[in-house]
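# From the sequence below, what's the structure:
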Amino acid sequence: MDTATGLRGRSVIVTGAGSGIGRAAALRFAAEGANVLIADLDGERARAVVAEVEAAGGTAVSVVGDLGDRTVVQRVVATAVEAFGGIDVLVNNAGVMDRMSAAGDTGDEEWETVLRVNLTAPFLLTRAALPYLMASGSGAIVNTASEAALRGSAAGAAYTVSKHGIAGLTKSLAVMYRDKGVRANAVAPGGTATNIRVEIDQEALGPSVVMSYLANAGRVCDPDEQAAAIVFLASPAAANVNGVILAVDNGWSAV
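Numbering: from 1, shown residues only. As a prediction, the model looks like this:
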């Protein structure tokens with residue numbers, strides 16, 4: 001049963017929605033009565049989340065593919081418009097970690113992969129969805145940034161740069177489109193229980209430095225705690241919240 005958040009009947013795209021924060025956000029949006037497009041690289045996981053939504057009486061569709069591919073981006077947008085009649089909310093959540101590499105140890109492939117998935121893909125999808133978000137009259141974009149968007153000691157060079165880029169994209173959108181009926185905000189999660197993989201060389205410079213700072217990270221939170229913040233920022237309850245990078249980190253950013 002949906003609650004009084006004003007999201008009933010809204011069209012929502014959530015990327016990386018096959019697991020972790022994205023899955024939790026998709027299920028919350030659906031519980032609020034929104035129609036949800038599940039975008040993920042893993043088809044089996046995406047379809048499983050659609051099944052969860054439908055089993056609870058909600059409406060969802062899935063699109064499988066790499067959002068760094070412009071044809072996949074266009075398919076996501078076209079599917080949402082065809083299935084739901086438009087796009088009201090875009091949640092750019094999909095992301096990958098780096099290897100905690102310092103700049104001098106970051107290879108071309110690590111850099112290009114992380115920037116493509118974490119920054120270029122959200123930009124491409126945002127650009128494609130903007131006409132529909134503006135047509136909505138009250139469109140909302142919520143990006144998943146990170147503690148690494150707030151500091152230089154939470155990840156390696158590639159991931160940190162990508163999440164600082166997400167913060168910049170969020171703020172630019174907030175300024176440029178606030179008079180067009182579109183708000184843009186981001187959550188900056190602290191440590192969260194997800195299936196995101198981190199492959200590191202414990203002897204390398206980056207991990208040896210970063211790991212020394214992670215002692216201040218506090219407890220690992222549940223993905224649903226991040227999802228609650230995402231749904232709030234997307235809802236009419238946050239109608240005057242725009243350009244905010246909201247730390248959801250149990251005070252880690254205050255340390």
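
# Any regions of the stretch 151-255 of the chain where pLDDT drops low?
191-220, 252 (pLDDT under 70).

# Please enumerate the strands of it.
182-189, 245-248 (DSSP state E, counting those that start in this stretch).

# Quick one: closest of the ones you listed to residue 37.
strand 182-189 (17.9 Å; C-beta to C-beta). Heads up, the C-betas are built off the backbone N, CA and C, glycines and all.

# quick one on the thing from earlier: of all the strands of the stretch 151-255 of the chain, which lies closest to residue 166?
Comparing the strands of the stretch 151-255 of the chain by C-beta to C-beta, strand 182-189 comes nearest, at 6.2 Å.

# CA atoms of whichever strand or helix holds residue 90 as CSV?
According to DSSP states H and E, residue 90 maps onto strand 89-92. C-alpha atoms of strand 89-92 as CSV (Å, rounded to 0.1, in the frame of the first residue of the first chain):
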residue,chain,number,x,y,z
VAL,A,89,12.1,10.8,-11.5
LEU,A,90,15.6,9.7,-12.5
VAL,A,91,17.8,7.9,-10.0
ASN,A,92,21.4,7.6,-11.3
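
# re the thing from before, give me whichever of the strands of the stretch 151-255 of the chain is most buried.
Each of these was scored by mean neighbour count; the highest is strand 182-189, a mean of 26, by mean count of other C-beta atoms under 10 Å.

# re the thing from before, now the strands of the stretch 151-255 of the chain in CSV, please, with extra columns for distance to residue 141.
Output for the strands of the stretch 151-255 of the chain, formatted as CSV (distance: least, C-beta to C-beta, whole Å):
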stretch, distance to residue 141
strand 182-189, 4
strand 245-248, 13
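
# what's the closest of the ones you listed to residue 156?
Closest approach to residue 156 among the strands of the stretch 151-255 of the chain is made by strand 182-189 (16.8 Å; C-beta to C-beta).

# could you say what helices and strands the closest one packs with?
Helices and strands touching strand 182-189, by 3 or more C-beta pairs under 8 Å, 6 or more residues apart in numbering; DSSP states H and E, are helix 121-136, strand 139-144, helix 157-177, helix 223-234, strand 245-248.

# Tell me which of those sits most buried.
Buried most deeply of those, by mean count of other C-beta under 10 Å, is strand 139-144, with a mean of 28.

# Between helix 223-234 and that strand, find me the angle.
Interaxial angle of strand 139-144 relative to helix 223-234 (axes from the mean of the first three to the mean of the last three C-alpha atoms, to 10 degrees): 150 degrees.

# Can you tell me how far the closest residue to residue 162 other than its chain neighbours is from residue 241?
Of all residues beyond its chain neighbours, the one nearest residue 162 is residue 118 (3.6 Å), with distances taken as C-beta to C-beta, 6 or more residues apart in numbering. Distance of residue 118 to residue 241, computed by C-beta to C-beta, to the nearest Å: 23 Å.

# Counting neighbours, go ahead and name the busier of the two.
Between residue 118 and residue 241, counted using other C-beta atoms under 10 Å, the more crowded position is residue 118 (27 against 15).

# Could you pull up the contacting residues of the more buried one?
Contact analysis of residue 118 by C-beta atoms under 8 Å, 6 or more residues apart in numbering lists 95-96, 159, 162-163, 165-166.

# is it true that it lies in a helix?
Yes. The assignment for residue 118 (DSSP: H, G, I helix; E, B strand; the rest coil) places it in a helix.

# Which stretches in the stretch 1-150 of the chain count as helices?
Here the stretch 1-150 of the chain has its helices, by DSSP state H, counting those that start in this stretch, at 20-31, 43-55, 70-84, 108-115, 121-136.

# Specify the angle between the last one and helix 108-115 in degrees.
What that stands for is helix 121-136. Using the same axes, to 10 degrees: helix 121-136 against helix 108-115 is 20 degrees.

# So what touches helix 121-136?
Residues outside helix 121-136 that contact it (C-beta under 8 Å, 6+ apart) are 13, 15, 66-68, 70, 73-74, 76-77, 80-81, 86-88, 90, 92, 94, 139-141, 143, 166, 169, 173, 177, 180-182.
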